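[1] just the structure for this:
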Amino acid sequence: MERIDKIISEELNIGRSAAKALIKSGRALLNGSAVRSFGEKADMSRDLLIVDGKKINRRKFVYIMMNKPKGVISSSDGRRTGEKTVLDILPPEMKRKGLFPAGRLDKNTTGFVLITDDGEFAHKILSPKNHIPKVYVAELDKPFTPEIAAAFASGVEIGGEKCLPALLESCGENRKKAIVTIKQGKYHQIKRMFKKYSIEVTELRRVKMGGLRLDENLAEGECRYLGQEEIELIKTL
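    Numbering: from 1, shown residues only. Predicted coordinates for the structure are as follows:
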């Protein structure tokens with residue numbers, strides 16, 4: 001049994017307050033009767049929930065975009081280290097069994113984290129053979145040169161292994177703010193690539209996964225459900 005406002009919020013990709021307003025206006029019917037209470041629950045395996053004349057089918061999986069803040073780890077369990085995880089800061093109504101971050105960001109890297117319970121989808125977008133592009137904005141302690149951009153494009157060697165080609169572009173006049181597109185997710189990869197050229201990354205933010213850009217309306221720590229079209233965009237190379 002689940003709260004109906006939670007079901008509507010997830011399935012229609014709207015906020016909890018919008019779902020409650022919808023219920024209050026009498027637009028949600030449960031087994032033929034208008035839902036009167038925000039706390040009313042339904043068993044979607046047997047109950048019929050209709051909103052604005054359309055049947056609501058419970059999704060098997062959920063996909064959540066989070067704008068990760070600093071100091072939070074991209075893990076499903078922080079008990080061993082005592083650190084706060086991206087799952088810990090999910091709103092209570094969005095928490096459900098089996099959720100995990102699909103891919104990781106460093107503790108002090110901010111931006112787009114995808115949280116889901118769809119293991120097959122996560123494998124598809126994270127598999128080395130697929131290499132979906134991930135775009136970051138990096139602030140640097142000194143400007144990069146055209147020669148460094150060329151080195152990124154040919155593949156920088158870190159830890160005795162050559163990385164896949166990466167795109168390095170300027171995001172400012174003095175080249176101290178960069179847009180970096182990579183197709184891998186090696187440990188501290190971007191920071192290590194710049195470090196090879198004696199450049200420190202002072203701030204790093206992921207702004208895009210595949211063809212889907214981070215929602216600019218999400219403040220750090222906020223999140224929302226993704227619609228089907230957005231989910232498909234993530235798989236876009």
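[2] name the nearest residue to Val51, ignoring sequence neighbours.
    Nearest non-adjacent residue to Val51, counting by Cβ to Cβ, 6 or more residues apart in numbering: Ala28, 5.0 Å away. All C-beta spots, glycine's among them, are computed from the backbone N, C-alpha and C.
[3] got a pLDDT number for that neighbour?
    Note on Ala28: pLDDT of 94.
[4] how far away is it from Ile234?
    Ala28 sits at a distance of 30 Å from Ile234 (criterion: Cβ to Cβ, to the nearest Å).
[5] quick one: mean pLDDT for the lengthiest strand in the chain?
    Identified as the longest strand of the chain according to DSSP state E is strand 201-209. Mean per-residue pLDDT for strand 201-209: 97.
[6] cool, stretch 136-153 as well?
    The average pLDDT within stretch 136-153 is 96.
[7] tell me which residues in the longest strand of the chain are buried?
    Under the neighbour-count criterion of 16 or more other Cβ atoms under 10 Å, strand 201-209 has 201, 204-209 buried.
[8] what's the residue nearest to Val51 sitting at in phi/psi?
    phi -110, psi 130 (degrees, to the nearest 10).
[9] give the buried residues for stretch 88-106.
    Buried residues in stretch 88-106 (16+ other Cβ under 10 Å): 90, 94, 99-106.
[10] what's the answer for stretch 72-81, then?
    For stretch 72-81, the neighbour count (16+ other Cβ under 10 Å) marks 72-75 as buried.
[11] okay, these in JSON lines with pLDDT and distance to Asp5 next?
    Converted to JSON lines, the buried residues of stretch 72-81 look like this (pLDDT from 0 to 100; distance: Cβ to Cβ, whole Å):
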{"residue": "Val72", "pLDDT": "95", "distance to Asp5": "27"}
{"residue": "Ile73", "pLDDT": "93", "distance to Asp5": "30"}
{"residue": "Ser74", "pLDDT": "91", "distance to Asp5": "29"}
{"residue": "Ser75", "pLDDT": "85", "distance to Asp5": "29"}
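[12] enumerate every residue touching the closest residue to Met1 other than its chain neighbours.
    The shortest distance from Met1 to any non-neighbouring residue, by Cβ to Cβ, 6+ apart, is to Lys41 (4.2 Å). Lys41 makes contacts with 1-4, as judged by Cβ atoms under 8 Å, 6 or more residues apart in numbering.
[13] for the buried residues of stretch 88-106, work out which two are farthest apart.
    Spatial extent of these (Cβ to Cβ) is set by the pair Met94 and Asp106 at 23.3 Å.
[14] how much space between the closest residue to Thr109 other than its chain neighbours and Leu140?
    The shortest distance from Thr109 to any non-neighbouring residue, by Cβ to Cβ, 6+ apart, is to Leu204 (4.5 Å). Distance, Leu204 to Leu140, using Cβ to Cβ: 10 Å.
[15] next, count neighbours for the closest residue to Lys235 other than its chain neighbours.
    Leaving out its chain neighbours, the residue that sits closest to Lys235 by Cβ to Cβ, 6+ apart is Gly210, at 5.7 Å. Residues lying near Gly210 (other Cβ atoms under 10 Å) number 20.
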